[in-house]
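Q: can't give you the sequence, but here's the structure:
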């Protein structure tokens, strides 16, 4: 059985390798000068005073696509919460306070505020510098979990009321939709970035709706990561199987 | 040399596939799927690369003064990373449930269906 499987894998792998290698010379030349979509995206981004072209592509030119991406994240978080809920044959144990080595505690607590501010900075400057809602949201959410490393799980739970993060996750998704619908109500199109003034190039308020959509995504990603990690940490720390089941 | 980055992407993808097929642990399988997905990042960024170009961010570069790499594929890569992370999270949650209900994470031992 196992030998047959390996043979099948070898034959299929060899075929796939041959096809992939044969396809490589047909791809656009590496490092070439012809990037028609890229050039148009840069022009459109500069037209709308957005310094970070990637943010412009994500939150202006392909904002509708980002809505789908955000929905995937939202659905995945929902799926994890449902899959990892407390089952009937399990019970919740209070997490034991754990001893933490002093250097770990000290550096975790020093880095925590720095990481949190960095995350918020990356979200706020998404339309100007590399980064944005997705990246900054992950940084900010991870920063909170330094409390788990530096103190213990009880301390993390005290600063992290899950219901608040679940609500803010849903609210951020709604905010994105409302920002999109605002365009429809104003007579343009869903998520069309034509409603707000584009502002002065390379300032925080430039880019029309881009900073607002960026902030909504930042909030959504940060809450989603917190909820996601919480469901996994609960499994590891709190939820236990009943004795004898 | 011109197709080396594309070959790297193909290699990473095939390594991931090999791991997926021969995996004896579901957590390892999820990791292999992430490796397969990493190949798509390499491919996308390789397609968008341009010789002598800088990042498509104009906060400190005068527009038009230097060529920039393709921002569209960079945005696609970002989407790819996000989708990859969510898929990994969801699969790991499923693996946790499998481990709890069946007491094993070896795919070969998961033969019969149980209600």
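A: Yep, it's here. As the structure is a computational prediction, the values presented were derived from the model and not from experiment.
Q: correct me, but residue A:125 touches residue A:119?
A: No - with contact taken as Cβ atoms under 8 Å, residue A:125 and residue A:119 are classed as non-touching, separated by 11.3 Å. Yep, even glycine has a C-beta here, placed from its N, CA and C like the rest.
Q: mind checking which of those two has more residues around it?
A: Between residue A:125 and residue A:119, counted using other Cβ atoms under 10 Å in any protein chain shown, the more crowded position is residue A:119 (24 against 20).
Q: is it true that the more buried one lies in a helix?
A: Yes - applying DSSP: H, G, I helix; E, B strand; the rest coil, one finds residue A:119 inside a helix.
Q: in which helix or strand does the closest residue to it other than its chain neighbours reside?
A: On the basis of Cβ to Cβ, 6 or more residues apart in numbering or on different chains, the spatially nearest residue to residue A:119 that is not a chain neighbour turns out to be residue A:140, at 2.9 Å. Using DSSP states H and E, the secondary-structure element containing residue A:140 is helix A:133-144.
Q: and that helix, how far from the chain's centre?
A: Taking the mean C-alpha point of helix A:133-144 and that of its whole chain, the gap between them comes to 8 Å (Cα atoms, centre = their mean, to the nearest Å).
Q: that helix packs against which elements?
A: Of the remaining helices and strands, those touching helix A:133-144 by 3 or more Cβ pairs under 8 Å, 6 or more residues apart in numbering or on different chains; DSSP states H and E are helix A:102-124, helix A:210-237, helix B:71-102.
Q: show residues contacting the first one.
A: Contact partners of helix A:102-124, identified using Cβ atoms under 8 Å, 6 or more residues apart in numbering or on different chains, comprise A:131-133, A:135-144, A:146-147, A:149-151, A:204, A:211, A:214-215, A:218, A:222.
Q: got any ranges where chain A has weak pLDDT?
A: Per-residue confidence for chain A (pLDDT under 70) gives these ranges: A:1, A:242-245.
Q: so which residues of it form helices?
A: Remark: helices of chain A, listed N- to C-terminal, are A:2-23, A:36-47, A:53-56, A:63-83, A:102-124, A:133-144, A:146-150, A:153-159, A:162-185, A:210-237; assignment by DSSP state H.
Q: need the winner for burial among these.
A: Mean neighbours per residue, mean count of other Cβ atoms under 10 Å in any protein chain shown, is largest over the helices of chain A for helix A:53-56, with a mean of 28.
Q: what does that helix contact?
A: Residues from elsewhere that reach helix A:53-56 (Cβ under 8 Å, 6+ apart): A:41-42, A:44-45, A:48, A:50, A:126-127, A:130, A:132, A:207, A:210, A:214, B:56-58, B:68, B:71, B:74-75, B:78.
Q: from these, which would you call buried?
A: Restricting the contacts of helix A:53-56 to buried positions leaves A:41-42, A:44-45, A:48, A:50, A:126-127, A:130, A:132, A:207, A:210, A:214, B:56-58, B:68, B:71, B:74-75, B:78, with burial counted as 16 or more other Cβ atoms under 10 Å in any protein chain shown.
Q: out of the helices and strands packed on helix A:133-144, nearest to residue A:96?
A: Within the helices and strands packed on helix A:133-144, the stretch nearest residue A:96 is helix A:210-237; the backing value is 8.9 Å (Cβ to Cβ).
Q: orientation of that closest one relative to helix A:63-83 in degrees?
A: Note on geometry: by axes from the mean of the first three to the mean of the last three Cα atoms, to 10 degrees, helix A:210-237 and helix A:63-83 are set 20 degrees apart in direction.
Q: any part of helix A:210-237 near chain B?
A: Yes - applying Cβ under 8 Å from any Cβ of the partner chain, one finds helix A:210-237 in contact with chain B at A:228, A:231, A:232, A:235.
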